[in-house]
Each structure stands twice: as C-alpha cells, then as structure tokens.
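Visitor: Task: produce atomic coordinates for the following.
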Amino acid sequence: MNHKTPLINIDEFAQIQNKDQLLIVDCRFNPAAPEEGYQSYLSAHIPGAVYAHLNNQLSDLSKQGKDLLGKQPLPSAEQWAVTLSSWGWNPDLSVIAYDDSGAMLAAARLWWIMHWMNVPVRILDGGFSAYQKAGHPAESGTIERTSTQIAPVVFDLNKAIFTQNLRRAVDNHEVCVVDARPQDRFLGKNNADPVPGHIPGAVHRFAAENLQEDKHFCTSSHLRGDFLKLVGDRDPSTIVHSCGSGVFACQNLLAMEIAGLHGSKLYAPSWSGWTSDPENPVTTG
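Guide: Numbers count the residues shown, from 1 in each chain. Have a look, this model is predicted:
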C-alpha cells in the first residue's frame, strides 16, 4: 500500500489547487453548536469545496444506542455511497479535507472513513485558518457539483473493530487500546460520560496533543516518538483507538499514520458503545 503522508501543506496545496482534479471537503464542526461549521462554510470556504457535516454525513445518528454502536455510529456503506455520489466523487479525484478545530476532529473522521474503504485522503495541515493566513482566496455560499454514480462502497473490515471482538481481544491481552479523550474523562473524574472510566488496560493520549498551538500537526518524528513511548514496540496492527464516540480517536489513528506507524485500528463505538453493555468491564483512575 502507498503510505504517502496523509498531510498536505498550504504551499503544496496552492500548487495543485487549480491544476489537479480535486474534491475538496470542508469539515468544520463545533460539537457545542452543530450548525456553526456549516454557517462558517457558507460565509467563506476554499473555492469549490463541498461541506461534510459530522452528524449528518460522517455519522448515522439514527443508529444511536442500537447494537452497541455508540452515540455517533458510522454511516453504512449504502449511505456513504450516496454522500460520495452527491459530492461528485469518483476514484480518479484526489480528495483534500480540511477543518479548523484544535483537534481536527471531523476532517480526521472523513479521512478515516475513506481510509476504511482504502481510498487515500490528504488533510490540509493547519486547516482553513492557515489557508486564509497565507492570503489565498475564499468564496461564499454553496456550490453544485455534478453527481456521480459509483460502484457500491466496500469497507475494509481489517481496519475497524467492534465491541464483541474488542472485548475478546481485551480479555486475551491481544491489543493495546489508546484512549483519545481528555485525561479527566479517561480517569473517570468528569461526569461528561454516563459511566466514568476507561476500557481495562487502555493507555491515554489526548488527541489535541497531536497538534501544535498553530493547529498544524506535530512533525512525524515527534509523533513517532510520542507513540512509541506510549505503546512500546507493539505491532501497530495491535493498537486500537477509542474515545467517547469514535471521532477524536480517528485523529490519533491519523497521527500514527503520519508517524509512519501504519495499520492501527479504530474502535468506532468507543466508550459510548463499550459502556452500553453493562457486562463490559470498566476501570477508573
């Protein structure tokens, strides 16, 4: 597999912006104000960009609480195909996603869903604020792209793990779970989660630690050092990323890919899915 870095910097993006066949996706999203990102998109976005709403396109909230899928379940293959078609996606397009969050949460989620179907996506390092700071043009309003008819989406089951299989792997000490939530939630000292604590044996890596203060990602060598300190010499394929609902965890997985540590997995239901089964063990502290 091609392990080209998932990041693209502003200068490189500027060189291809009007030359290559691109699908640019604006993923800005504020969990505290779910429509704020779309309103920001309408006000100003990179020319030609479509908008991806974390709740409406990058999740299927109709499945909340069902089958241990957690509070932000992933879209089905059928739903994702409809979204891609509405954006005019085809396999010949290069996909660039951007965000403007201190954790790049929704852009990482989009990156992972495409990663799940073995389609590369690159994240614009620094997000929309870096794009604007560099003096590049923006446009307002919505855009229309010609829809496409694409073949059914096929997800790579080796890139994700769900609750039953994770419970077995945890019980057998076959995996290392990396939890991306803030530390107080990981330790069970914050009432943001209905059930406090974390998956037994999990280690902690707050997703925002992958970014510098200017919202650019830390260097690949810095990220590699951090993750190797955290998980040791474990094969990356035995690393499972979790968070509250399967969004922040994507950013840790993305950071490992940037670091050259390829092949870790996402536990998409995350803590909200794990704790929906009272038989699953919980650790605090």
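
Visitor: Only C-alpha atoms from now on, for both contacts and neighbour counts.
Guide: Will do.

Visitor: would you list every one of the strands in the stretch 151-285 of the chain?
Guide: 160-161, 176-179, 203-204, 239-242, 265-267 (DSSP state E, counting those that start in this stretch).

Visitor: Turn those into CSV, including mean pLDDT.
Guide: Below are those laid out as CSV (pLDDT from 0 to 100):
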stretch, mean pLDDT
strand 160-161, 96
strand 176-179, 98
strand 203-204, 98
strand 239-242, 98
strand 265-267, 98
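
Visitor: between those strands, which gets nearest to residue 149?
Guide: Residue 149 lies closest to strand 160-161 among the strands of the stretch 151-285 of the chain, at 26.3 Å (C-alpha to C-alpha).

Visitor: Does anything pack onto that closest one? Which helices or strands?
Guide: strand 265-267 (3 or more C-alpha pairs under 8 Å, 6 or more residues apart in numbering; DSSP states H and E).

Visitor: Direction included, what does the strand it packs on pair against?
Guide: Strand pairing for strand 265-267, determined by DSSP bridges: strand 160-161 (parallel), strand 239-242 (parallel).

Visitor: rewinding a little: present the strands of the stretch 151-285 of the chain as TSV; the columns should include mean neighbour count and distance to residue 60.
Guide: Listed next are these as TSV, based on neighbours: other C-alpha atoms under 10 Å; distance: least, C-alpha to C-alpha, whole Å:
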stretch	mean neighbour count	distance to residue 60
strand 160-161	18	17
strand 176-179	25	22
strand 203-204	17	27
strand 239-242	28	18
strand 265-267	26	16
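
Visitor: List the contacts of residue 51.
Guide: Residue 51 sits next to 25, 26, 27, 38, 41 when contact means C-alpha atoms under 8 Å, 6 or more residues apart in numbering.

Visitor: between the residues you listed, which has the most around it?
Guide: Each of the contacts of residue 51 was scored for neighbours by other C-alpha atoms under 10 Å, and residue 27 scores highest at 30 neighbours.

Visitor: Please verify my assumption that that one contacts residue 107.
Guide: Yes. At 5.3 Å, residue 27 counts as touching residue 107 under the criterion of C-alpha atoms under 8 Å.

Visitor: Could you name every residue contacting both of these two?
Guide: Shared contacts of residue 27 and residue 107 (C-alpha under 8 Å, 6+ apart): 97, 98, 99.

Visitor: out of the strands paired with strand 265-267, which comes closest to residue 129?
Guide: Per C-alpha to C-alpha, nearest to residue 129 of the strands paired with strand 265-267: strand 239-242, 27.6 Å.

Visitor: how far out from the middle of the chain is the closest one?
Guide: Distance of strand 239-242 from the chain centroid (C-alpha atoms, centre = their mean, to the nearest Å) equals 12 Å.

Visitor: Begin at 492 from now on, thanks
Guide: With 492 as the first residue, the last one maps to strand 730-733.

Visitor: Output that strand as PDB, restricted to C-alpha atoms.
Guide: Listed next in PDB are the C-alpha coordinates belonging to strand 730-733 (Å, rounded to 0.1, in the frame of the first residue of the first chain):
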ATOM      1  CA  ILE A 730      -3.200  -0.800  18.500                       C
ATOM      2  CA  VAL A 731      -6.900   0.100  18.800                       C
ATOM      3  CA  HIS A 732      -8.000   3.700  19.100                       C
ATOM      4  CA  SER A 733     -11.000   4.700  21.200                       C
END
